[in-house]
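**Student:** 3D model of this:
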Amino acid sequence: MKRLLPVAALSILTLAGCANTAPYSGDVYRGNQAKTSQSVTYGTIVAVRPVQIQADSRAGGLLGSGGGAIIGGLLGSQVGGGSGRQLATVAGALGGTIAGTAAEDRANRISALEMEIRLDDGSDVVVVQGADHAYQAGQRVRLIGSGSNVSVAPY
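**Tutor:** Residues are numbered from 1 along each chain as shown. Have a look, this model is predicted:
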């Protein structure tokens, strides 16, 4: 049993990082965007800043918190005896829930860029997307889409 705990912990925390990060890329389109007309505007990058996007977990956070609770409870149950063991099991489960949630949140962060872009009409916009291309200030780019659905692409 004691040999199984590290393997179980590693497996659950590995699965906790299974967020779908593809939608944050400028190179990935959702199915409902295919075969639709999208507007294109042009501009020049004024500033670029590295940021992170907290991606949503596919399991809704259950893998990190649930897996952490199970592992913490199992570890806590190895301590003491009688009512002390029960308290250690509960404390381990609570601590594991907190640690598992934090681990899943960290695993679901992706590197991104915040780009301030001066459009050719003189207005400025800011777009955040996955850091799948190297962008720099002064670079000409295309903005594809509109509103809450804009991707930046090299020009």
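
**Student:** Which strands and helices lie in contact with whichever strand or helix holds residue 152?
**Tutor:** Using DSSP states H and E, residue 152 sits within strand 149-154. Secondary-structure packing of strand 149-154 (3 or more C-beta pairs under 8 Å, 6 or more residues apart in numbering; DSSP states H and E): strand 124-130, strand 140-146. Placement of C-beta: from N, CA and C, glycine included.

**Student:** Now mean pLDDT, distance to residue 55 and mean neighbour count too, for these, in a markdown table please.
**Tutor:** Listed next are those as a markdown table, based on pLDDT from 0 to 100; distance: least, C-beta to C-beta, whole Å; neighbours: other C-beta atoms under 10 Å:
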| stretch | mean pLDDT | distance to residue 55 | mean neighbour count |
| --- | --- | --- | --- |
| strand 124-130 | 93 | 10 | 16 |
| strand 140-146 | 93 | 20 | 16 |
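
**Student:** closest to residue 84 out of those strands?
**Tutor:** strand 124-130 (48.5 Å; C-beta to C-beta).

**Student:** Put the alpha carbons of the closest one into PDB.
**Tutor:** What follows is strand 124-130 as a C-alpha-only set of coordinates in PDB (Å, rounded to 0.1, in the frame of the first residue of the first chain):
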ATOM      1  CA  ASP A 124      -5.600  50.800 -29.900                       C
ATOM      2  CA  VAL A 125      -6.700  47.300 -28.800                       C
ATOM      3  CA  VAL A 126      -5.200  44.700 -26.500                       C
ATOM      4  CA  VAL A 127      -5.400  41.000 -27.300                       C
ATOM      5  CA  VAL A 128      -4.300  38.200 -25.100                       C
ATOM      6  CA  GLN A 129      -3.600  34.800 -26.700                       C
ATOM      7  CA  GLY A 130      -1.300  31.800 -26.300                       C
END
